[in-house]
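Peer 1: A predicted structure for the sequence below; I have some questions about it.
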Amino acid sequence: MTSMLAAASDQVTNIFKPLSTPGDSINEVAFLTLAICGIIFLIVTGLLVYTTVRFRHRPQAVESEPPQIYGSNQIELAWTVIPILIVFVLILVTARTISDVQNAKHPPGSLNVTVVGHQWWWEIRYPDLGIVTANELHVPVSEEASPRTTVLKLQSADVAHSYWVPRLGGKVDVIPNRDNYMWFDPRETGLYLGNCAEYCGTQHAKMMIRVVVHPKDEFDKWVAEQQKAHSADAAPNAESRSFFSLSCVNCHTIKGTSAAGKFGPDLTHLMSRETIGSGAAKNTPELLRAWMVDPQKLKEGCYMPDMKLSPEELDQLVGFLSSLK
């Protein structure tokens, strides 16, 4: 999986190269709209160029006012009826596309995921699998012989956000006190990048989304790894005691231990993620240390406090968190 992520980390999030059924539908409407607008542009520009050339001023021309036309029913009818017809066609096509996407029937065995937007990170829950993670959504590929749909329930814990991974589908708003839904069936494995598309505060630009699409066997392996619990309480050492003696447990959860905080991301398998801070930095021991020394330096305005750790506490905490794989 690591090599796959590394190869895809610099990919362009091209909205014109969708790899899911909803993305294809949105792409078709976008191209239809672009085609109609392009034709209108060519016609209007052509008429302007023709008029400019055909009726340009000539030195030998007699300076007299040309014939004045104070109304043309045909022209007024044309520029009223044609735009109405164009808008009507676009409304019908868009409404049909939205209906087809929202009312699509999903195949058996669809993956259900709840995504909760926070300022400024994404909580990702797999209710049927008992998994909670953050910022990286892992899903299986949908193959023609074995279609597999991922259905997202979108919720917000604070303000309005918007979930958007361009190559997998359109933007869907994430609204407080409301459940919105979207789905996709990715046809190729790889890493797909996205971002919150609704301004939600200071670190809106660093509220990134990573969707990792696995082959079926690899996804099953990832699920099995994520379902494992830790036993730091049962076999405490200096590193784990440092974590549980500090205020980390008030915000974070580690499955299988007494840490059951709900305010911050679940840390059960922290080191299985590629980034920290919802894409603010790569997830390495060095940057993890920098994150705990001064979170505001990597993500200004975030709610992770600077706990003023001693060098010894910092070493122990980094050592413990680095073991959460």
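Peer 2: In hand now; what should we look at?
Peer 1: check the protein for its longest helix and report it.
Peer 2: In the chain, taking DSSP state H as the definition, the longest helix is helix 21-54.
Peer 1: list the buried ones in the helix or strand just after that one?
Peer 2: Sequence-wise, the next helix or strand downstream of helix 21-54 (DSSP states H and E) is helix 73-102. Buried residues in helix 73-102, counted by 16 or more other CB atoms under 10 Å: 97, 101. C-betas here are computed from N, CA, C, even on glycine.
Peer 1: give me the mean pLDDT for helix 73-102.
Peer 2: The average pLDDT for helix 73-102 rounds to 91.
Peer 1: can I see the domain layout of the chain?
Peer 2: 1-58+70-226, 238-321 (automatic domain parsing).
Peer 1: need the contact list for residue 219.
Peer 2: By CB atoms under 8 Å, 6 or more residues apart in numbering, residue 219 lies in contact with 138, 139, 140, 141.
Peer 1: apply 10 Å and report the result again.
Peer 2: Contacts here follow CB atoms under 10 Å, 6 or more residues apart in numbering; on that basis residue 219 touches 1, 111, 138, 139, 140, 141, 148, 189, 212, 213.
Peer 1: coming back round to it: angle of the longest helix of the chain against helix 73-102?
Peer 2: With axes from the mean of the first three to the mean of the last three CA atoms, to 10 degrees as the basis, helix 21-54 and helix 73-102 are set at 160 degrees to each other.
Peer 1: which helices and strands does helix 21-54 pack with?
Peer 2: On a contact count with 3 or more CB pairs under 10 Å, 6 or more residues apart in numbering; DSSP states H and E, helix 21-54 meets helix 73-102, strand 180-184.
Peer 1: pLDDT weak spots in the stretch 151-300 of the chain?
Peer 2: Within the stretch 151-300 of the chain, the ranges that satisfy pLDDT under 70 run 231-239.
Peer 1: let's go with 80 and repeat that
Peer 2: For the stretch 151-300 of the chain, applying pLDDT under 80 flags the ranges 229-243, 245-247.
Peer 1: hey, where'd the strands end up in it?
Peer 2: Using DSSP state E, counting those that start in this stretch, the strands of the stretch 151-300 of the chain run over 161-164, 172-174, 180-184, 190-196, 208-214, 275-276, 281-282.
Peer 1: show me what the second one is in contact with.
Peer 2: Translated: strand 172-174. For strand 172-174, contacts defined as CB under 10 Å, 6+ apart pick out 22, 115-118, 122, 152, 154-157, 159-164, 180-183, 196-198, 200.
Peer 1: please apply the same query to the last one.
Peer 2: By CB under 10 Å, 6+ apart, the surrounding residues in contact with strand 281-282 are 9, 206, 273-276, 287-288, 290-291, 297-299.
Peer 1: among the helices and strands packed on helix 21-54, which is nearest residue 228?
Peer 2: Residue 228 lies closest, by CB to CB, to one member of the helices and strands packed on helix 21-54: strand 180-184, at 27.5 Å.
Peer 1: the domains of the chain: which one's closest to residue 64?
Peer 2: Nearest to residue 64, of all the domains of the chain, is domain 1-58+70-226, at 12.5 Å by CB to CB.
Peer 1: chain center to the closest one: distance?
Peer 2: Here the centre of domain 1-58+70-226 is set off from its chain's centre by 9 Å, with CA atoms, centre = their mean, to the nearest Å.
Peer 1: re earlier: distance to residue 316 added to the strands of the stretch 151-300 of the chain, as TSV?
Peer 2: Output for these, formatted as TSV (distance: least, CB to CB, whole Å):
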stretch	distance to residue 316
strand 161-164	35
strand 172-174	37
strand 180-184	42
strand 190-196	33
strand 208-214	29
strand 275-276	18
strand 281-282	21
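Peer 1: which one of the ones you listed lies nearest to residue 49?
Peer 2: When these are compared by CB to CB, strand 161-164 sits nearest residue 49, at 38.7 Å.
Peer 1: low pLDDT regions in the stretch 1-150 of the chain?
Peer 2: For the stretch 1-150 of the chain (pLDDT under 80), the answer is 1-15, 55-71.
Peer 1: for stretch 154-168, list every residue counted as buried.
Peer 2: Of all the residues in stretch 154-168, those buried under the rule 16+ other CB under 10 Å are 154, 155, 156, 159, 161, 162, 163, 164, 165, 166, 167, 168.
Peer 1: the last one contacts residue 18, doesn't it?
Peer 2: Yes: with contact taken as CB atoms under 10 Å, residue 168 and residue 18 are classed as touching, separated by 7.3 Å.
Peer 1: and the nearest residue to residue 280 once chain neighbours are set aside, what does it touch?
Peer 2: Excluding the flanking residues, the one nearest residue 280 by CB to CB, 6 or more residues apart in numbering is residue 299, at 4.5 Å. Taking CB under 10 Å, 6+ apart, we find residue 299 in contact with 120-121, 202-203, 206-207, 276-281, 291.
Peer 1: at 8 Å instead, please
Peer 2: Residue 299 is in contact with 120, 203, 206, 277, 280, counting by CB under 8 Å, 6+ apart.
Peer 1: among those, which one lies nearest to residue 35?
Peer 2: Residue 35 lies nearest to residue 206 out of these, by CB to CB, at 36.2 Å.
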